[in-house]
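# dropping a prediction and its sequence here:
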Number of protein chains: 2
Amino acid sequence: MRDHLFCTACRREFPIDSAFPRCDGCNEPLEVSISRAKPSIKTDAPRLLERFLDFMPLASLHAGISLGEGDTPLVKSSAAARETGIDRLFFKNEALNPTWSFKDRGTIACIEHALNLGYERIGTVSTGNMAASVAAYGARAGLQTYILVGSNLPEEKIAPIAIYSPRLILVDGDYGDLYFRSLEIGKQRGVYFMNSDVPFRVEGSKTIAFEICEQMGFEVPDNLVVPVSSGGNFRGIIKGFEEFLEAGLIDGLPRFIAAQADGCSPIADAFENNREAVERIVKPNTIAKAIANPYPPSGNQVLRKLRQHGGIAMTVSDAEIESAQELLARDGIFGQPAAAAPLAAVRKLVSQGTISGTQSVACVVSGAGVKSMSHLAAKEYQGTRIAIEKLQDVFR
Amino acid sequence: MRDHLFCTACRREFPIDSAFPRCDGCNEPLEVSISRAKPSIKTDAPRLLERFLDFMPLASLHAGISLGEGDTPLVKSSAAARETGIDRLFFKNEALNPTWSFKDRGTIACIEHALNLGYERIGTVSTGNMAASVAAYGARAGLQTYILVGSNLPEEKIAPIAIYSPRLILVDGDYGDLYFRSLEIGKQRGVYFMNSDVPFRVEGSKTIAFEICEQMGFEVPDNLVVPVSSGGNFRGIIKGFEEFLEAGLIDGLPRFIAAQADGCSPIADAFENNREAVERIVKPNTIAKAIANPYPPSGNQVLRKLRQHGGIAMTVSDAEIESAQELLARDGIFGQPAAAAPLAAVRKLVSQGTISGTQSVACVVSGAGVKSMSHLAAKEYQGTRIAIEKLQDVFR
């Protein structure tokens, strides 16, 4: 069967290169279906997408696009392992990507696709990690790159996007509508909007699962904990494990655990209340801005997948996130607040007895702490003040 | 001959585990000398120091210390290559290290050494990249970690260090004296101060050269451009190329080019004036804070090495650095100002005819732009403001 897209809800099929990433019947996200005879990992390939090309809906790759995305460390915990009693606790550190978040994996898959289709203009709707990622890769690929942000974006969040010289569009109006409106405009005007959960971005996210499997010697972690916002990255990670299982590279799936923030948890709310569809959160309020999507476009599909696989969606408070961020740093990793939500969730699940110390756990650290420091600015840090002449007194 | 240290000026020998990293006669930095029969790269080793263990003064490595340092991408330029006419222009992107700068390479070498010697306390003097690096690895290794900073450090620079929970010491007095004073106190009180150019940190920096050689298929770049501050990293990179040449892995050395900022260029000043020793800069003034060391402790050794190998030391202005930072971003890489100094230097050398388009050039991008954004805050960015109802008008 040829590569194609299908609706994640009604299963209807669409051409692989459809200019719109959602089902025109259900308004649910489309997803890639590929089948290869005997897909394998090209272990000698230095580039991410080349390494996993057999699992990608791409025939070949363009030169001069890669920035060395992926191939991020899987760090075995010491401090958090001791505290939680989980000996095999791992952090997949996505903060070591070229723009310091997991978004680069999906962005490069979309860029390759856009170039294949001859697009000259690309765009995205984001104020954070995805904006920087698309701006960086768009610049590198020489594409006209539109970054749509809310017009009230604080000045400090503009610089790390603007440095790549994209076309920055400050939109007055309901920021929540921008996701859908941009996809419509993209279809009409020939702009590839690589938003948070478009099919090729989800394909890129699969590589997080692929690498975890490789790094654990093709043993699957018992639990896989991911911070979830739009749901696109979580969908990709689940799909990656499914495809490796199908290819016979692993012999089971992890328990998939979606971590959201108390102050914006549309998926966890629907999961706990046995609803089939997410409901829009009116006033998101959390320090974990990267997972504060009030109306996740892949929310319903995440719910379907969690139920299919016996997964969990849950919430953690800002205080728990801050505390987990500090614990993570004791393992040497400075993640952004969203990136610490999985560890906060693990602590909670251990105290509830849902995870035991004999199980293995992999947490996805989604992005770098240096990118979101505003909540830390208010903190008081303990420091010893001393005159240089008396410095030796500190070291008794 | 056994591994030992020697004075980079008078060549006198010292034991490899000396508790003081400078010559008590010359006050010049000591350096490691090792000799192995047939050193080779352990190409299957996943960890940095394991891969290059034959080239390291370490017999074995500790578990649970690595954070996945090194193995950073060598990115082939598109935008800057077009502009400069240098087809084979490469960026070694050190911003993808665990604390987002090259410092992690030297830090882990020092941590391994400190653990071998049984140290329980470590420290450093830094307000930026090195402070974060030592704090992160110190936390991970479970060592008591002292970070010495000037007492006037702006609040915003504290959070990315304090997150790792080190002992933060705010010192009132001449910050320039702290480098030497901390080494003295470290010797007296048993604290391993892993300052900018101590011997094992220099050993860690060698791996930048090793990786560039590997990534270029053991062809040596014609020119290697590095932002230079204390001189420790530059010394390590030069030493790495020298050792690969000695081992027969490469058949020549690059031309070594040290880039400094106009506002703080003690090494370039001495180089241009044919002086043998650097002179202290009274008021450093540049946006490239990471290379604003007014009295570089390895400055004289850098001068000796540049003269030995026919290298160059030069300066670039803040305006040239800012412009190069933007050009670098068009290649998809957001480096801190210091990290853009090499590209600024390349532009200058091309316009002077010192580098031609047929030569290959590798630039070391030393650290991440997201870590030093203050100079960008003042910038005005071009953005289009539009109401959401009219959004489609942007995409004619």
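Alright, I've got the coordinates.
# return the residues in contact with whichever residue of the stretch 251-396 of chain A sits closest to chain B.
Residue nearest to chain B within the stretch 251-396 of chain A (CB to the nearest CB): A:Ile388, separated by 2.9 Å. The C-beta positions use only the backbone N, C-alpha and C, and glycine is treated the same way. Residues counted as contacts of A:Ile388 (CB atoms under 8 Å, 6 or more residues apart in numbering or on different chains) are B:171-174, B:177-178, B:181.
# centre of the chain to stretch A:265-285, how far?
19 Å (CA atoms, centre = their mean, to the nearest Å).
# between the two ends of it, how far is it?
Length of stretch A:265-285, first residue to last, CA to CA, to the nearest Å: 10 Å.
# now that stretch: average pLDDT?
For stretch A:265-285, mean pLDDT is 96.
# ditto for stretch A:200-208
Per-residue scores along stretch A:200-208 average to 98.
# do that stretch and chain B meet at all?
No. Stretch A:200-208 does not reach chain B (CB under 8 Å from any CB of the partner chain); its nearest approach is 14.6 Å.
# least confident secondary structure element in chain A?
The helix or strand of chain A with the poorest confidence is helix A:374-377; it has a mean of 78 (mean pLDDT, DSSP states H and E).
# the residue nearest to A:Gly176 when sequence neighbours are not counted: which element?
Excluding the flanking residues, the one nearest A:Gly176 by CB to CB, 6 or more residues apart in numbering or on different chains is A:Tyr295, at 5.8 Å. In this structure, A:Tyr295 sits in neither a helix nor a strand according to DSSP states H and E.
# ditto for A:Thr315
Per DSSP H and E, A:Thr315 falls inside strand A:312-316.
# and the next helix or strand after that strand, which residues are buried?
Per DSSP H and E, the first helix or strand lying C-terminal to strand A:312-316 is helix A:318-330. Neighbour-count burial for helix A:318-330, with 16 or more other CB atoms under 10 Å in any protein chain shown as criterion, is recorded at A:318, A:320-330.
# so which of those residues also contact chain B?
Among the buried residues of helix A:318-330, chain B is touched by A:325-326, A:329-330 when using CB under 8 Å from any CB.
# just give me the neighbour total for the closest residue to A:Asn129 other than its chain neighbours.
Distances taken as CB to CB, 6+ apart place A:Ser101 nearest to A:Asn129, at 3.8 Å, with adjacent residues excluded. For A:Ser101, the count of nearby residues is 27 (other CB atoms under 10 Å in any protein chain shown).
# pretty sure A:Ser101 sits against A:Val364.
No. Contact criterion CB atoms under 8 Å: A:Ser101 and A:Val364 do not qualify, at 10.8 Å.
# shared neighbours, the two?
With CB under 8 Å, 6+ apart as the test, A:Ser101 and A:Val364 both reach A:Glu94.
# related to what we said a few turns ago, the ones next to chain B among the buried residues of helix A:318-330: which two are farthest apart?
Of all pairs drawn from these, the one with the longest distance (CB to CB) is A:Gln325 and A:Arg330, at 10.2 Å.
# near chain B, which residues of the stretch 201-350 of chain A show up?
Near chain B, when you scan the stretch 201-350 of chain A using CB under 8 Å from any CB, you find A:325-326, A:329-334.
# looking at the residues you listed, which one is closest to B:Thr8?
B:Thr8 lies nearest to A:Gly332 out of these, by CB to CB, at 31.4 Å.
# what's near enough to touch the residue lying closest to the closest one once chain neighbours are set aside?
In space, and not counting its chain neighbours, A:Gly332 is closest to B:Arg140: 3.5 Å by CB to CB, 6+ apart. By CB under 8 Å, 6+ apart, the contact list for B:Arg140 reads A:78-79, A:330-332, B:64-65, B:67.
# ChimeraX command for the buried members of those residues?
In ChimeraX syntax, the buried subset of the contacts of B:Arg140 is picked out as below (16+ other CB under 10 Å):
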select /A:78,79,330,331,332 /B:65,67
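# would you confirm that the residue nearest to A:Gly176 contacts A:Ala277?
No. With contact defined as CB under 8 Å, A:Tyr295 does not reach A:Ala277; the gap is 10.5 Å.
# and those two? Which one has more around it.
Between A:Tyr295 and A:Ala277, A:Tyr295 has the larger neighbour count (other CB under 10 Å), namely 17 against 10.
# for that one, give me its contacts.
Residues in contact with A:Tyr295 (CB under 8 Å, 6+ apart) are A:176, A:266, A:278, A:280-281.
# got a winner among these for most neighbours?
Counting neighbours by other CB under 10 Å, A:Pro266 leads those with 26 neighbours.
# doesn't A:Val282 make contact with that one?
No. A:Pro266 is beyond contact range of A:Val282, at 10.5 Å (criterion: CB under 8 Å).
# what residues are shared contacts of these two?
Common contacts of A:Pro266 and A:Val282 (CB under 8 Å, 6+ apart): A:Pro294.
# ok, back up a step: would you turn the contacts of A:Tyr295 into a markdown table with secondary structure?
Below are the contacts of A:Tyr295 laid out as a markdown table (DSSP: H, G, I helix; E, B strand; the rest coil):
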| residue | secondary structure |
| --- | --- |
| A:Gly176 | helix |
| A:Pro266 | helix |
| A:Val278 | coil |
| A:Arg280 | coil |
| A:Ile281 | coil |
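# and the furthest pair within those?
Going by CB to CB, the pair spanning these furthest: A:Gly176 and A:Val278, at 12.7 Å.
# helices of the stretch 201-350 of chain A, residue ranges please.
In the stretch 201-350 of chain A, the helices defined using DSSP state H, counting those that start in this stretch lie at A:232-246, A:266-272, A:299-309, A:318-330, A:337-351.
# out of those, indicate the one that is most buried.
Among those, the stretch with the highest mean neighbour count (mean count of other CB atoms under 10 Å in any protein chain shown) is helix A:337-351, at a mean of 26.
# residue nearest the centroid of chain A?
Central residue of chain A (CA atoms, centre = their mean): A:Asn233, 4.1 Å from the mean position.
# show the contacting residues for it.
A:102, A:106, A:196, A:202, A:205, A:208, A:226, A:364, A:366.
# which among the helices of the stretch 201-350 of chain A is found nearest to B:Pro46?
Nearest of those to B:Pro46, taken as CB to CB: helix A:232-246 at 19.7 Å.
# out of the contacts of A:Asn233, give me the one that has the most neighbours.
Neighbour max across those (other CB under 10 Å) = A:Phe102, 34 neighbours.
# ok, it touching A:Ser366?
Yes. Using CB under 8 Å, A:Phe102 makes contact with A:Ser366 at a distance of 5.3 Å.
# residues that sit against both of those two, list them.
In contact with both A:Phe102 and A:Ser366: A:94, A:129, A:233, using CB under 8 Å, 6+ apart.
# in TSV: those residues, plus pLDDT.
Shown next, in TSV, are the shared contacts of A:Phe102 and A:Ser366 (pLDDT from 0 to 100):
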residue	pLDDT
A:Glu94	98
A:Asn129	95
A:Asn233	98
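# which one of the residues you listed sits closest to A:Lys289?
Closest to A:Lys289, out of all of the shared contacts of A:Phe102 and A:Ser366 and judged by CB to CB, is A:Asn129, at 9.6 Å.
# for chain A, what spans make up the strands?
Along chain A, the stretches classed as strands by DSSP state E are A:4-7, A:13-15, A:30-33, A:74-76, A:89-93, A:121-125, A:144-150, A:167-172, A:192-193, A:223-227, A:255-261, A:312-316, A:361-365, A:383-387.
# put the alpha carbons of the first one into PDB.
This means strand A:4-7. C-alpha atoms of strand A:4-7 as PDB (Å, rounded to 0.1, in the frame of the first residue of the first chain):
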ATOM      1  CA  HIS A   4      -1.000   7.900   2.700                       C
ATOM      2  CA  LEU A   5      -2.700  10.000   5.400                       C
ATOM      3  CA  PHE A   6      -5.700   8.800   7.300                       C
ATOM      4  CA  CYS A   7      -8.100  10.500   9.800                       C
END
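# quick one: contacts of that strand?
By CB under 8 Å, 6+ apart, the list of residues contacting strand A:4-7 reads A:12-16, A:18, A:23, A:25-26, A:28-33, A:199.
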